[in-house]
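> Give me a 3D structure for the following:
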Amino acid sequence: MNWTAVKSIYVFEMARFFRTIAQSFISPVLSTSLYFVVFGAAIGSRIEEVEGVSYGAFIVPGLIMLSVITQSISNASFGIYFPKFIGTIFELLSAPVNFLEIVMGYVGAAATKALFIGTIILGTAYLFVDFEIRHPFAMVGFLLLTCISFSLMGFIIGIWAGNFEQLQLVPLLIVTPLVFLGGSFYSITMLPPVWQVISHFNPVVYLISGFRWSFFGAADVPIGLSLVAIAGFTAVCMGVIWWIFKTGWRIRQ
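Numbers count the residues shown, from 1 in each chain. Sure, this is the predicted structure:
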């Protein structure tokens with residue numbers, strides 16, 4: 001394992017993040033505050049509790065997941081797309097670096113950035129509502145797994161994208177709707193029976209449910225099923241990336 005190569009890619013990507021640190025911190029704080037004003041105050045005044053938890057506290061895990069998933073995909077996709085766009089990816093491919101080291105560098109940096117954002121949102125949430133985390137180690141585990149798995153997905157999107165418009169296509173048209181329909185701001189038990197069944201085909205439901213369980217001990221689906229879902233998603237993404245580097249699809253074209 002060429003740890004020097006991994007570190008070089010990781011440090012380079014993190015340096016790009018810290019050059020815009022103000023925007024990186026201010027944006028999630030403002031967006032989280034707006035969500036609490038709109039959902040926590042306006043809707044929360046009509047919905048006092050969900051599964052024994054105040055509505056303001058109930059939406060905290062969903063807010064964190066919404067931002068973490070979006071940031072993971074965005075950072076990873078842009079991180080690998082830009083070298084492909086300007087042609088420097090060929091220098092990377094010709095260097096004595098294997099695909100796993102490239103993935104570890106780019107995905108590790110994207111996951112770290114998303115983890116920063118998730119931590120910021122968690123801290124911001126404490127300014128608006130009172131809540132406690134019943135299973136802190138499980139919460140950190142779910143957060144890390146989500147950051148890594150969706151950074152892997154973002155890496156795939158960055159390789160697939162042929163232009164900047166395509167880079168935003170999947171997050172905007174597929175991922176964001178899945179997150180909003182995955183129980184970010186409500187429990188799927190509040191839906192009619194038919195829609196509850198349909199919701200179980202949404203993979204994001206399992207992520208948000210498991211993450212919410214780590215906060216309040218309540219989940220829409222069994223915690224074991226959530227772990228299996230995120231582990232399976234991570235494995236599929238790694239398999240796709242392995243195939244991409246093996247065949248050179250969208251890289252050597």
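> Which pLDDT value does the model give the closest residue to residue 170 other than its chain neighbours?
Closest residue in space to residue 170, ignoring its immediate chain neighbours: residue 157 at 5.2 Å, by CB to CB, 6 or more residues apart in numbering. Backbone N, C-alpha and C define where each C-beta goes, glycine included. What the model reports as pLDDT for residue 157 is 95.
> burial count for residue 157?
24 (other CB atoms under 10 Å).
> what do you get for the one 3 residues further on?
One way to gauge burial is a neighbour count; for residue 160, by other CB under 10 Å, it gives 17.
> neighbouring contacts of the lowest-mean-pLDDT helix or strand in the chain?
The weakest-scoring helix or strand in the chain, judged by mean pLDDT, DSSP states H and E, is helix 21-35 (a mean of 75). Contacts with helix 21-35, where a contact means CB atoms under 8 Å, 6 or more residues apart in numbering, come from 17, 59, 63, 67, 113, 116-117, 120-121, 124-125, 128.
> Phi first, then psi, for residue 54.
phi -60, psi 140 (degrees, to the nearest 10).
> related to what we said a few turns ago, quick one: which helix or strand includes the residue nearest to residue 170?
Using DSSP states H and E, the element containing residue 157 is helix 136-160.
> Which is the succeeding secondary structure element to that helix?
Immediately after helix 136-160, counting by DSSP H and E, sits helix 164-170.
> contacts for that following helix?
So helix 164-170 is contacted by 73, 77-78, 81, 157-158, 160-161 (CB under 8 Å, 6+ apart).
> Of those residues, which pair is most distant in space?
Greatest spacing in those, by CB to CB: 78 and 160 (13.1 Å).
> ok, which stretches of the stretch 51-200 of the chain are helices?
Along the stretch 51-200 of the chain, counting by DSSP state H, counting those that start in this stretch, helices occupy 55-58, 60-86, 89-94, 99-125, 136-160, 164-170, 176-180, 193-199.
> Return the most buried member of the ones you listed.
Neighbour counts (mean count of other CB atoms under 10 Å) averaged over each of the helices of the stretch 51-200 of the chain peak at helix 60-86, with a mean of 24.
> Give me the helices and strands touching that one, please.
In terms of contacts (3 or more CB pairs under 8 Å, 6 or more residues apart in numbering; DSSP states H and E), helix 60-86 is packed against helix 3-18, helix 21-35, helix 89-94, helix 99-125, helix 136-160, helix 164-170, helix 176-180, helix 203-216.
> So what's the gap between that helix and the chain middle?
7 Å (CA atoms, centre = their mean, to the nearest Å).
> again, but for stretch 145-162
9 Å.
> before we move on, what about stretch 176-183?
Centre to centre, stretch against its chain (CA atoms, centre = their mean), the figure for stretch 176-183 is 12 Å.
> Identify the residues contacting that stretch?
62, 65-66, 69-70, 199, 202-205, 207-209, 212, 220.
> what's the farthest-apart pair in the residues you listed?
Every pair of these checked by CB to CB; the farthest is 70 and 220, at 21.2 Å.
> which SSE is the closest residue in space to residue 206 that isn't next to it in sequence in?
Counting by CB to CB, 6+ apart, residue 206 lies nearest to residue 229, which is 3.8 Å off, once chain neighbours are set aside. Using DSSP H and E, residue 229 sits in helix 223-247.
> What lies in contact with that helix?
With contact meaning CB under 8 Å, 6+ apart, helix 223-247 is reached by 99, 102-103, 142, 145-146, 148-149, 152-153, 155-156, 159, 203, 206-207, 209-210, 213, 219, 249-251.
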